[in-house]
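Asker: here is a sequence with its predicted model. Questions after.
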Amino acid sequence: MGQLDEAGFFATFGGGECIIIDPDGNQIGTIPKTSKCLYKVVHEGEVIAVAEEILTPEQFHHRMGHVSIKTTCKLVNGKHVQGIRLDGTPDHDKFFCESCVYAKATQKPPPKKRQGDRAKEAAR
């Protein structure tokens, strides 16, 4: 609204809508008020020139915080993520991520029986 004001436009709020008027006095747009009392611009038609990035399934796996490779494919194929297209289909059984393996590694439990001699005094 600030940029419209600086450009000489006017906005009138009332009756559940915002009416925008250009510097010559012509009405150029009407924005309806939503049920949550916000004024939302609704675009008609399709969006043109949407940027799309092509990533390998491995690259997308890394960008999404190392979620499973099956989940990455479901996100893109189910159109839950926009602007990304996967280059190729991964072999789920052969997919390997060193970071994921390292993060899932566990330590061996301590031995149940002590080995060696018991200390006679506390170390300083």
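Answerer: Okay, I see it.

Asker: C-alpha only now, for contacts and for neighbours.
Answerer: Will do.

Asker: would you indicate which residues of stretch 79-93 are buried?
Answerer: 84, 85, 86 (16 or more other Cα atoms under 10 Å).

Asker: would you list the residues you listed in a markdown table and tack on pLDDT?
Answerer: Shown next, in a markdown table, are those (pLDDT from 0 to 100):
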| residue | pLDDT |
| --- | --- |
| 84 | 86 |
| 85 | 86 |
| 86 | 86 |
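
Asker: of those, which belong to strands?
Answerer: 84, 85, 86 (DSSP state E).

Asker: need the contact list for the last one.
Answerer: Applying Cα atoms under 8 Å, 6 or more residues apart in numbering, one finds that residue 86 lies in contact with 54, 55, 56, 57, 60, 73, 76.

Asker: closest to residue 24 among the buried residues of stretch 79-93?
Answerer: residue 84 (42.7 Å; Cα to Cα).

Asker: secondary structure element holding residue 96?
Answerer: Of the helices and strands defined by DSSP states H and E, none includes residue 96.

Asker: burial of it, as a residue count?
Answerer: Residue 96 has 12 neighbours, counted by other Cα atoms under 10 Å.

Asker: same question for residue 66.
Answerer: 16.
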